[in-house]
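In: from the sequence below, what's the structure:
(chains A and B)
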Number of protein chains: 2
Amino acid sequence: MEIGEAERAELIAALHQMADAAASYTLPLFRSPELSTSDKGHEGWFDPVTQADRAAEQAIRKVISARYPDDSILGEEFPPTEGSTGRTWVLDPIDGTRAFMSGMPSWGTLIGLDTGNGPILGLIDQPYIGERFVGGFGKASLFHRENERPIATRPCSSLNDAILYSTFPEIGTAAEKAGFASVDARTRLTRYGTDCYGYALLAMGQCDLVIEAGLNAYDIQGPLAVVEAAGGIVTGWKGEPAHHGGRVLAAGDREVHMQALEYLSKVPD
Amino acid sequence: MEIGEAERAELIAALHQMADAAASYTLPLFRSPELSTSDKGHEGWFDPVTQADRAAEQAIRKVISARYPDDSILGEEFPPTEGSTGRTWVLDPIDGTRAFMSGMPSWGTLIGLDTGNGPILGLIDQPYIGERFVGGFGKASLFHRENERPIATRPCSSLNDAILYSTFPEIGTAAEKAGFASVDARTRLTRYGTDCYGYALLAMGQCDLVIEAGLNAYDIQGPLAVVEAAGGIVTGWKGEPAHHGGRVLAAGDREVHMQALEYLSKVPD
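Out: Sure, this is the predicted structure:
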């Protein structure tokens, strides 16, 4: 289905409106004594949620319901909304709640628009720093406070030259950790603890790889759209589509993606 | 030696001038294609330095030479300057060069003013986010873009409730890693990869502990002044003074500091 110029502009404007709505709830609670954290306690893993996550998702849902009442919604904090258009808005109001609850501005609001085969448009928003990364329809931009500038991934032809970002060593099974370590051992530099911000750095050409595991669709669709629009590639650890989540390998250059895949594809399911 | 109100204000103004001077060299090179990184290659460890580190340190030294020509200077990138006043400006132009060279705004410019027994005044500056943390003379502040607000550490009486920040698992000997792990296993949440920004989060009451090893005096004097002015405590892993660097344990509350010390003090030298 071809999407015309006017509809593209309209969808991008909607995306900005959603991010603004989310920020109006996240920012006032960031580093606030009013913030209260509880544990969703999935699978024995500390899985924090705050009233900011819930309020921000509701704010985004309100924008969607008003503008696109027949679209589906898949969000982290509330049950899915089934629509009829074949389009799904895939939302994580605060990716990196652990960063959020400890004052670190590496969390972000993630939104992707999935038409069935992955996101055609998406966003990573970090409102405290004042950075919004938008990608889709072959174009990726960073909006930094008042300025918009195009962003692009950078060339990287060898793992030896690569800078790798990850939320590891915190997340993953033993097999996944070993797979990650086999790539980590060959990179120039590995950095941790960035949450979604690692994908933004990748899209800007500041790093070369992001490797993660245990993701949900709402963790990856926004970043996926941004990274691919910036010229990068995002797949699973066996090269399969990544928009459903799971194990993700994102790279700025196909060459280094292929080299990392050689190691990661050996990790048993 | 008592320092009067006027001299205090003058020293704080000098500190701001130094940080502004450093930022005028770091910010234009942050995420710039002009940035070039080389490896100082200390002890087989990837120890990157860029022209931004060197230019920023020179800019700070120029301010010191003009305002306080008889003070000593200890900086990361150039040989020490021996003065005659008993005062030493202790500088790290870019703490977190690995973050700097990969686009992550968790690096900072660190400056401390040591009168012999540790810093009486210090600063952590993160100019991309627009945050400057200043501590000394019993007062700690965050300057965020145009606004100044007081900051303070938060109470935390138990390791089980503590949020721990560190650059680990990247840095440290095997014994240090084991010591760190013994505390890590008991905290509520551990986060990595913050460089000096972890101390800023501690001073703001956003986390409870920062544990590091292998530090130099210039890595810790700025943060030490900020954290202690905000109500926290910064020592070595045996409770000794930390302003010479080495292994550092910083806490917002004496209670949780004591509990972490119980584990860390067992680590052999």
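In: pick out the residue of the stretch 1-150 of chain A closest to chain B.
Out: As assessed by Cβ to the nearest Cβ, chain B sits closest to residue A:103 within the stretch 1-150 of chain A, at 2.8 Å. All C-beta spots, glycine's among them, are computed from the backbone N, C-alpha and C.
In: just give the nearest non-adjacent residue to that residue, would you?
Out: Closest residue to residue A:103 apart from its sequence neighbours, by Cβ to Cβ, 6 or more residues apart in numbering or on different chains: residue B:206 at 2.8 Å.
In: quick one on the thing from earlier: ok, now which ones touch the residue of the stretch 1-150 of chain A closest to chain B?
Out: A:30, A:31, B:201, B:204, B:206, B:207 (Cβ atoms under 8 Å, 6 or more residues apart in numbering or on different chains).
In: which one of those has the most neighbours?
Out: Among the contacts of residue A:103, residue B:207 has the most neighbours (other Cβ atoms under 10 Å in any protein chain shown), with 31 neighbours.
In: could you check how far it is from residue B:222?
Out: From residue B:207 across to residue B:222, the span is 18 Å (Cβ to Cβ, to the nearest Å).
In: with residue A:21 instead?
Out: Distance from residue A:21 to residue B:222, by Cβ to Cβ: 38 Å.
In: more crowded one of the two?
Out: residue B:222 (32 against 20).
In: skip the chain neighbours and tell me the closest residue to the more buried one.
Out: Taking Cβ to Cβ, 6+ apart, and ignoring the residues beside it in sequence, residue B:222 has residue B:110 as its nearest neighbour in space, at 3.3 Å.
In: isn't that neighbour up against residue B:196?
Out: Yes: using Cβ atoms under 8 Å, residue B:110 makes contact with residue B:196 at a distance of 5.8 Å.
In: looking at those two, which is more packed in?
Out: When residue B:110 and residue B:196 are compared for neighbours, residue B:110 comes out ahead with 31 against 28, by other Cβ under 10 Å.
In: circling back to that earlier point, contacting residues around the residue nearest to residue B:222?
Out: B:91-92, B:95, B:122-125, B:196, B:218-219, B:221-223.
In: for residue A:166, same thing?
Out: A:180, A:190, A:191, A:192, A:194, A:198, A:210, A:211, A:212.
In: just put those in CSV and tack on pLDDT and neighbour count.
Out: Listed next are the contacts of residue A:166 as CSV, based on pLDDT from 0 to 100; neighbours: other Cβ atoms under 10 Å in any protein chain shown:
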residue, pLDDT, neighbour count
A:180, 94, 26
A:190, 90, 24
A:191, 88, 23
A:192, 83, 20
A:194, 79, 28
A:198, 95, 30
A:210, 97, 27
A:211, 96, 27
A:212, 95, 28
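In: which of those residues fall in helices?
Out: Judged by DSSP state H, the subset of the contacts of residue A:166 located in helices is A:180, A:198.
In: from the contacts of residue A:166, which is closest to chain B?
Out: Once Cβ to the nearest Cβ is applied, the member of those that ends up nearest chain B is residue A:192, at 4.2 Å.
In: just say helix, strand or coil for residue A:247.
Out: strand (DSSP: H, G, I helix; E, B strand; the rest coil).
In: residue A:206 and residue B:31 touch, don't they?
Out: Yes: contact between residue A:206 and residue B:31 holds when scored by Cβ under 8 Å: they sit 6.0 Å apart.
In: in terms of pLDDT, where does the closest residue to residue A:157 other than its chain neighbours sit?
Out: Among residues not flanking residue A:157 along the chain, residue A:255 sits closest, at 4.4 Å (Cβ to Cβ, 6+ apart). You'll see residue A:255 listed with a pLDDT of 98.
In: which parts of the particular helix or strand that has residue A:255 in it are buried?
Out: When elements are assigned from DSSP states H and E, residue A:255 belongs to helix A:254-264. For helix A:254-264, the neighbour count (16 or more other Cβ atoms under 10 Å in any protein chain shown) marks A:256, A:257, A:259, A:260, A:261, A:263, A:264 as buried.
In: how many neighbours does the spatially closest residue to the fourth one that is not a sequence neighbour have?
Out: Ranked by Cβ to Cβ, 6+ apart and with sequence neighbours excluded, the top spatial neighbour of residue A:260 is residue A:183, at 5.1 Å. Other residues within reach of residue A:183, judged by other Cβ under 10 Å, total 23.
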